[in-house]
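1. build me a model from this:
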Amino acid sequence: MECPTYNDDEYQKLVTRMSTPRVLIDNTGCSNATRLMIDSARKQGILLEAIQVLTDLNLSIKKAYICSDGRWFMDVFHVTDLNGNKLTDDSAALGYIEKALEKVHYGKPKTEEGPTVLELTGTDRVGLLSEVFAVLSDLNCNVVNSKVWTHNGRIASLIYLNDNKSDAPIKDTRKLEKIEAMLRNVLKGDNDIRSAKTSIAEVSTHTERRLHQMMFADRDYDRKPIIDIFGESPVVLVQNYLEKDYSVVNIHCKDRNKLLFDVVCTLTDMQYLIFHATVDTSADGASLEFFIRHMDGTPLSSEAEKERVILCLRAAIERRASQGVRLELCAADRKGLLADVMRTFRENGLNVTRAEIATLENKSRNIFYVTDSIGNRADPKIIQSVREKIGLNTLRVKELPILYQEKVERDESKGGAMLLSFGSMMRRNLYNLGLIKSNS
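-> You can find the predicted model right below:
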């Protein structure tokens, strides 16, 4: 009997079909969340790519069961929108998620060149952003988008620029060098001669992942905060499970949007492989458990390495923690708008701890988190005064969105205990996937 023959095109189609991420959406199996199931051939970074797609869609991950042993990757995510609602348009969500995963899996197609990307890191201080945006305005640079994070007295920012006259990326080498030099002087101030850095980004990286990388390179995790503005710190434990050659990372902290992305991003960029993981949120808390190894398949080798992982994960969780009063600015875009707003903040003693700046169709839509000069909650009277100067209808106080939290019965064995049994974790995952029945 002759074996069937296949040509190269058919074989390539088979390989493509097997390696392309597949997504299933179940809107009936869970009463208060939409269940997404993603499976794909395993490759380094696929988990982070999947979570990145979901978080970029502003989906809140309530539960997750992750397994990527062997050559296959399979994840289940329970998601809602930021208001706690299930996804309403299954087909549209499915198509968008599949296309997004295909792009990150095979590489994004070459598109038109975007704005010039400027990276800044240095010591945070009141009025720093006011000086930065004033310099850019004086140099005829238009800030298209920007994100700013601060943590432990350090600041990291990505600023997307166009030339004000041509509205095109800045190509003039001399102008770029001048921008870098002037901003480096601003960042240095009086006491940051060595660590202040400015550079033009050569490679396009997901904005928030790049901010984590910049903070990590700046060693913000190894610095002490000037004032404790986070309240209860995240609890992070790392232990070795030598029977299976895994290191187990357990995290208990306050739940918030994009928490899972921040943790997985940090572990991935620290060159750890995640083989299994579970995520569970209830009330306002989150419990995360990861089974990890080095790239060579070995667990963490020393107490010093474990301590470094703990510090880095705490920092990753805290960087995006909302600090201060949230202000939203919506105004017609114009030259010097950001410089004027930031100057008003500085003159009234407000410090910007985090910022998201975006320009769309000649409209500037910005979010600022502000505190007083030493990190305490800003005086409401000062906030009102600033709003009156900028425009009451232009700058609004926006309360943080209340993330919907599932009201689920607590497991009898919970009580803060760490889950270190590989067998029990796998049985729990299989039960939640619907592949085995409960023994209770």
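2. any weak-confidence spans in the stretch 1-150 of the chain?
-> 1-19, 70, 90-91, 103-112 (pLDDT under 70).
3. can you give me the helices in it?
-> Under the criterion DSSP state H, counting those that start in this stretch, the stretch 1-150 of the chain contains helices at 8-19, 46-56, 90-106, 128-138.
4. again with the stretch 301-440 of the chain
-> Along the stretch 301-440 of the chain, counting by DSSP H, counting those that start in this stretch, helices occupy 303-319, 337-347, 380-390, 422-432.
5. now do the second one: distance to the chain's middle.
-> So the one you mean is helix 337-347. 27 Å (C-alpha atoms, centre = their mean, to the nearest Å).
6. that helix to helix 380-390, inter-axis angle?
-> 150 degrees (axes from the mean of the first three to the mean of the last three C-alpha atoms, to 10 degrees).
7. same question for the first one.
-> Orientation of helix 303-319 against helix 380-390 (the same axes, to 10 degrees) gives an angle of 60 degrees.
8. next, the residues that contact helix 303-319 from outside, please.
-> 149, 151-152, 211-212, 215-216, 220-222, 230, 233-234, 236-239, 247, 249, 251, 253, 259, 262-263, 265-267, 270, 272, 300 (C-beta atoms under 8 Å, 6 or more residues apart in numbering). In short, each C-beta sits where N, CA and C put it, glycine included.
9. tell me the buried residues in that helix?
-> 306, 308-319 (16 or more other C-beta atoms under 10 Å).
10. dump these into CSV; add pLDDT and distance to E177 as well.
-> Output for those, formatted as CSV (pLDDT from 0 to 100; distance: C-beta to C-beta, whole Å):
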residue, pLDDT, distance to E177
K306, 96, 43
R308, 97, 36
V309, 97, 38
I310, 97, 40
L311, 96, 36
C312, 97, 33
L313, 97, 37
R314, 96, 37
A315, 96, 32
A316, 96, 33
I317, 96, 37
E318, 94, 35
R319, 93, 30
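11. ok, so of those residues, who is nearest L136?
-> Of all those, L136 sits closest to R319, with 23.6 Å by C-beta to C-beta.
12. what's the closest non-adjacent residue to the closest one?
-> H151 (4.6 Å; C-beta to C-beta, 6 or more residues apart in numbering).
13. beta partners of the one you found?
-> Beta-bridge pairing for H151 (DSSP bridges): R154.
14. got the contact list for it?
-> M215, D220, P225, A315, E318, R319.
15. how much space separates the fifth one from T353?
-> By that I understand E318. E318 sits 11 Å away from T353, going by C-beta to C-beta, to the nearest Å.
16. with L176 instead?
-> Distance from L176 to T353, by C-beta to C-beta: 29 Å.
17. of the two, who's got more company?
-> Each of L176 and T353 has its neighbours counted (other C-beta atoms under 10 Å); T353 has more, 22 against 15.
18. returning to that earlier point: which of the contacts of H151 sit farthest apart?
-> Of all pairs in the contacts of H151, the most separated under C-beta to C-beta is M215 and P225 at 13.5 Å.
19. out of these two, which sits in the busier spot?
-> M215 (24 against 14).
20. quick one: secondary structure of that one?
-> Recorded secondary structure, M215: helix (DSSP: H, G, I helix; E, B strand; the rest coil).
21. nearest residue to it in space, please, no chain neighbours.
-> A156 (5.0 Å).
22. what count of nearby residues applies to E232?
-> So E232, with other C-beta under 10 Å, has 9 neighbours.
23. now S204
-> 11.
24. kindly report the same for K363.
-> 11.
25. my read is that it contacts A331, right?
-> Yes. Counting by C-beta atoms under 8 Å, K363 does reach A331; the two are 7.5 Å apart.
26. which of the contacts of H151 sits closest to D280?
-> Nearest to D280 among the contacts of H151, with distances taken as C-beta to C-beta, is E318, at 20.8 Å.
27. for the closest one, give its distance to T344.
-> Taking C-beta to C-beta, one finds E318 at 28 Å from T344.
28. hang on, the earlier thing: may I see the contacts of H151 organised as a markdown table, with distance to N393 added?
-> Putting those into a markdown table (distance: C-beta to C-beta, whole Å) gives the following:
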| residue | distance to N393 |
| --- | --- |
| M215 | 35 |
| D220 | 37 |
| P225 | 36 |
| A315 | 38 |
| E318 | 34 |
| R319 | 32 |
